[in-house]
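Engineer: this one's structure only:
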């Protein structure tokens, strides 16, 4: 009974990740319109009507834009911590009480045959958190939207089979780019986003000896490029003694095109 997943969309324009087993189908965030979400599911031959839950990481629009629409249309339960619920509720529209559930930070919940562990990250939101999926000895970790990766976060995600990991910006592109200094300062801060190099350094401390897949996620459309992120992360990992190749594979994600639905 394998653990399957697809990064449906990733980037500043919208984020959504699908994780499934034979018994459970989970969506992490839905940051695109309801119509766009339906189209993304079609591209991986899946249907959102089969979802058992939507897990919300935080209330920013690129993570919740389609949550309310999908939940109402397909009668899907929504899980988030209390502070995130308070911050996002007005943006979701009316959600029936029986579809609202609390998922506390630093908690592990059993969803059918998947244990899902939540952990806090450092971002300018009410109480941002991401998730680790455990199933039949396999481990998939999702971590984006954080200004840095703490030792506590590293301990939680250590030795995963799959990482969906933020690689938001190239430092030089950000510093030389058109953003106002206030926005640049926010991105570079401890509650902003992780750069390509910092992502790779954090990954070098958590990747174990087993075959590992790394998906570079939440790339900035203005301050990064897929090739640049891929090369920077590869070079930094290899400088840290990790060879990218057969056992350690790097994959790109896209704001409008799902990654292949694969099994761990």
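Structural biologist: Received the coordinates, thanks. Please read all numbers here as calculations on a predicted model, not as lab measurements.
Engineer: Now do the contacts for residue 187.
Structural biologist: 168-169, 174, 179, 193, 220, 223 (Cβ atoms under 8 Å, 6 or more residues apart in numbering). (Each C-beta comes from the backbone N, C-alpha and C, glycine too.)
Engineer: Look up how far residue 178 lies from it.
Structural biologist: Separation of residue 187 from residue 178 (Cβ to Cβ, to the nearest Å): 13 Å.
Engineer: before we move on, what about residue 148?
Structural biologist: 25 Å.
Engineer: who's more crowded, these two?
Structural biologist: In terms of neighbours (other Cβ atoms under 10 Å), residue 148 is the more surrounded of residue 148 and residue 178; the figures are 15 against 8.
Engineer: Residue 118: what secondary structure?
Structural biologist: Of the three states, residue 118 takes strand under DSSP: H, G, I helix; E, B strand; the rest coil.
Engineer: Now do the contacts for it.
Structural biologist: Residue 118 touches 81, 103-109, 129-131, counting by Cβ under 8 Å, 6+ apart.
Engineer: at 10 Å what do you get?
Structural biologist: Neighbouring residues of residue 118 by Cβ atoms under 10 Å, 6 or more residues apart in numbering: 55, 57, 79-81, 103-109, 129-132, 156.
Engineer: Pairing partners for the closest residue in space to it that isn't next to it in sequence in the sheet, please.
Structural biologist: What sits nearest to residue 118 in space, not counting adjacent residues and going by Cβ to Cβ, 6 or more residues apart in numbering, is residue 129, at 4.9 Å. Beta-bridge pairing of residue 129, defined through DSSP bridges, involves residue 120.
Engineer: Neighbours of residue 129, how many?
Structural biologist: With other Cβ under 10 Å as criterion, residue 129 counts 27.
Engineer: That one reaches residue 144, doesn't it?
Structural biologist: No. Taking contacts as Cβ atoms under 10 Å, residue 129 lies outside contact range of residue 144: 11.5 Å.
Engineer: gap between the two ends of stretch 183-194?
Structural biologist: End-to-end span of stretch 183-194 (Cα to Cα, to the nearest Å): 14 Å.
Engineer: And for stretch 105-123?
Structural biologist: Termini of stretch 105-123 sit 14 Å apart (Cα to Cα).
Engineer: chain center to it, what's the gap?
Structural biologist: For stretch 105-123, the distance from its own C-alpha centre to the chain's C-alpha centre is 13 Å (Cα atoms, centre = their mean, to the nearest Å).
Engineer: got it, and stretch 88-101?
Structural biologist: On the basis of Cα atoms, centre = their mean, stretch 88-101 sits 21 Å off its chain's mean C-alpha point.
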